[in-house]
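J.: Predicted model and sequence follow; I will ask about them next.
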Amino acid sequence: MAEDVLNMREFSFAAPKDGRCDVLVIAGEHSGDEQAARMLKNVFEKDSGLRVCAFGGICLERAGAQLLFDMTAFSVVGLTEVLKNYAFFKKLSEAVVDWICAHKPRAVCFVDYPGFNMRIASILKERGVSVKGGGSVKTLYYISPQIWAWKAKRRFKMAETLDALAVIFPFEVKCYADTSLKVDFVGHPFLEKSYEPPVKYDAGGEILLLAGSRGIAVSRIFPVMLGALRLIPEERAVAVYPTAAIKELLERALKKNPDVAGRVRLVGNESGVLGVKAVMMSSGTMSLACSLEGIPGAIVYKANPITYIVGRGLVKIKYLSIANILLDKPAWREFIQFEASARKLAKYMKECIGDSSERKKFLLYAEKLRSLLQAPKNMGAADWLAARLND
């Protein structure tokens, strides 16, 4: 992965087609790539002549952006993984800044991925390229860093560096109330009309396994899920992979668990709508998709032990799942680190599958989530981007 690119002497990115870029989108992870692409499709409906370039992934390219570099192929998670790849990301961020300085887009729209994106925003200000630095390039940010969970003081640096922020959870607006940053709640992209849920509830379906999109996390979480499935021998499962690299990791884990492998089929995340009876999932974006469909299940998470110990001292939230945070209750039970055992997970999953009243309970949770995440009238993500471009 990143190690191969590190051997390159320098990055070389294409110039904007037609010599013009209105918006440069920077999305470093698969989920951010998907959310940004959804926003972009709606923006093009309002202004088909907009010129957009992207450091993102295949979703942004399919939405109509000129993809300059596939950032999603190099996403990492955890303290040790970030440190290991620090030199690579430093070199990449410098190359991205050089591109912005050379081609001067009207605006840069950062999407989540705060460590990388805020570094670029800061450098643009230091070089006098961004509006906050006295230049012409607007710095916009879509999907806030989780300052409500950890590193809350980042909000002051964001206010000094950014021109506007769009948040997808309603409580996030208040998190910036003591800053000068212009913040708008634009609703969650999973509630937009164009969104098609990748999952639906089916009492006769399989158990869905969602181990995530980051290799390091998948290698720790997926074996726990397989261990739980081993203890539910009457059930079959479907595991979703976002990339070929993740598929390879899943296949490798299945080879090590041949007694369970025959009950697990692998599908890509673009294979159509999956009908499932329950779900074991990591705490990523797809977990909210399942929650909004009222699918019973559990959150499973295991990190590098050092990352976990450090994180416990920094993170100030009761729950890992955003659905649980919004509802302020462990609606989808969380099995984290040392609690993430196959035995405990299997026992809980049997309860989710075996009790018909569980589905009704999760449907009520889903209804409440939808009411919380609906966008205000005329202020969806596309409306926000169009408005900020014309400010």
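T.: Okay, I see it.
J.: Spatially central, which residue of this protein would that be?
T.: Against the mean C-alpha coordinate of the chain, by C-alpha atoms, centre = their mean, the closest residue is Ser31 at 3.4 Å.
J.: How is the protein partitioned into domains?
T.: The chain breaks down into these domains under automatic domain parsing: 2-189+375-389, 199-373.
J.: Kindly state the pLDDT recorded for the closest residue to Leu254 other than its chain neighbours?
T.: Leaving aside its sequence neighbours, Leu254 sits nearest to Ala261 (C-beta to C-beta, 6 or more residues apart in numbering; 4.1 Å). All C-beta atoms are positioned from the backbone trio N, CA, C, and that covers glycine. The model reports Ala261 with a pLDDT of 97.
J.: count of residues packed around Ala261?
T.: For Ala261, the count of nearby residues is 15 (other C-beta atoms under 10 Å).
J.: I'd assumed Lys255 was in contact with it.
T.: Yes. If you go by C-beta atoms under 8 Å, Ala261 and Lys255 touch, sitting 7.1 Å apart.
J.: All the strands of the stretch 51-200 of the chain, residue numbers only.
T.: Secondary structure of the stretch 51-200 of the chain (DSSP state E, counting those that start in this stretch): strands located at 52-56, 66-70, 107-111, 138-142, 164-167, 182-185, 199-210.
J.: Helices of the stretch 1-150 of the chain, start to end?
T.: Along the stretch 1-150 of the chain, the segments classed as helices by DSSP state H, counting those that start in this stretch run 2-6, 30-46, 58-63, 79-84, 86-103, 114-126.
J.: May I see the ones you listed organised as CSV, with distance to Arg343 added?
T.: Below are those laid out as CSV (distance: least, C-beta to C-beta, whole Å):
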stretch, distance to Arg343
helix 2-6, 36
helix 30-46, 30
helix 58-63, 38
helix 79-84, 28
helix 86-103, 38
helix 114-126, 36
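J.: Determine which stretch of those is the most buried.
T.: Among the helices of the stretch 1-150 of the chain, helix 30-46 has the highest mean neighbour count (mean count of other C-beta atoms under 10 Å), at a mean of 23.
J.: From Leu292, how far off is Ala107?
T.: Per C-beta to C-beta, to the nearest Å, Ala107 is found 30 Å from Leu292.
J.: ok, the closest residue to Asn269 other than its chain neighbours - contacts?
T.: The shortest distance from Asn269 to any non-neighbouring residue, by C-beta to C-beta, 6+ apart, is to Pro242 (4.8 Å). Residues near Pro242 by C-beta atoms under 8 Å, 6 or more residues apart in numbering: 30, 213, 268-269.
J.: backbone phi and psi for Pro242, please?
T.: Main-chain torsions, Pro242, degrees, to the nearest 10: phi -90, psi -20.
J.: Asp47 reaches Ala386, doesn't it?
T.: Yes. Counting by C-beta under 8 Å, Ala386 is a contact partner of Asp47 at 6.7 Å.
J.: where does the stretch 1-150 of the chain have low pLDDT?
T.: For the stretch 1-150 of the chain, applying pLDDT under 70 flags the ranges 1-9, 75-86.
J.: Save the strands of the stretch 51-200 of the chain as CSV, and put in distance to Asp355 and mean neighbour count too.
T.: Shown next, in CSV, are the strands of the stretch 51-200 of the chain (distance: least, C-beta to C-beta, whole Å; neighbours: other C-beta atoms under 10 Å):
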stretch, distance to Asp355, mean neighbour count
strand 52-56, 42, 28
strand 66-70, 44, 20
strand 107-111, 39, 27
strand 138-142, 40, 24
strand 164-167, 36, 24
strand 182-185, 36, 18
strand 199-210, 12, 19
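J.: can you redo those as TSV with distance to Gly128?
T.: TSV is the format used below for the strands of the stretch 51-200 of the chain (distance: least, C-beta to C-beta, whole Å):
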stretch	distance to Gly128
strand 52-56	21
strand 66-70	23
strand 107-111	15
strand 138-142	13
strand 164-167	20
strand 182-185	21
strand 199-210	44
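J.: on that earlier part again, hmm, Arg214 and the residue nearest to the centre of the chain touching each other?
T.: No. Judged on C-beta under 8 Å, Ser31 makes no contact with Arg214 at a distance of 10.2 Å.
J.: For the stretch 201-350 of the chain, which segments are assigned as strands?
T.: Assignment of strands within the stretch 201-350 of the chain using DSSP E, counting those that start in this stretch yields the ranges 237-241, 264-268, 274-281, 297-301, 333-336.
J.: Output the ones you listed in CSV, with distance to Phe171 and mean pLDDT appended to each entry.
T.: Converted to CSV, the strands of the stretch 201-350 of the chain look like this (distance: least, C-beta to C-beta, whole Å; pLDDT from 0 to 100):
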stretch, distance to Phe171, mean pLDDT
strand 237-241, 29, 96
strand 264-268, 34, 96
strand 274-281, 22, 97
strand 297-301, 20, 95
strand 333-336, 19, 94
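J.: Include mean neighbour count and distance to Leu231 when you put the ones you listed into a markdown table, please.
T.: Shown next, in a markdown table, are these (neighbours: other C-beta atoms under 10 Å; distance: least, C-beta to C-beta, whole Å):
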| stretch | mean neighbour count | distance to Leu231 |
| --- | --- | --- |
| strand 237-241 | 23 | 12 |
| strand 264-268 | 15 | 14 |
| strand 274-281 | 24 | 12 |
| strand 297-301 | 25 | 14 |
| strand 333-336 | 19 | 14 |
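J.: right, and those - which one's nearest Arg127?
T.: Judged by C-beta to C-beta, the one of the strands of the stretch 201-350 of the chain that comes nearest to Arg127 is strand 297-301, at 38.6 Å.
J.: Any idea how far apart the tips of stretch 127-134 sit?
T.: Stretch 127-134 has its terminal residues 9 Å apart, counting by C-alpha to C-alpha, to the nearest Å.
J.: Please spell out which residues along it are buried.
T.: Neighbour-count burial for stretch 127-134, counted by 16 or more other C-beta atoms under 10 Å, picks out 129-133.
J.: which other residues reach that stretch?
T.: Residues contacting stretch 127-134 (C-beta under 8 Å, 6+ apart): 97, 100-101, 104, 108, 121, 124-126, 135-139, 160-163.
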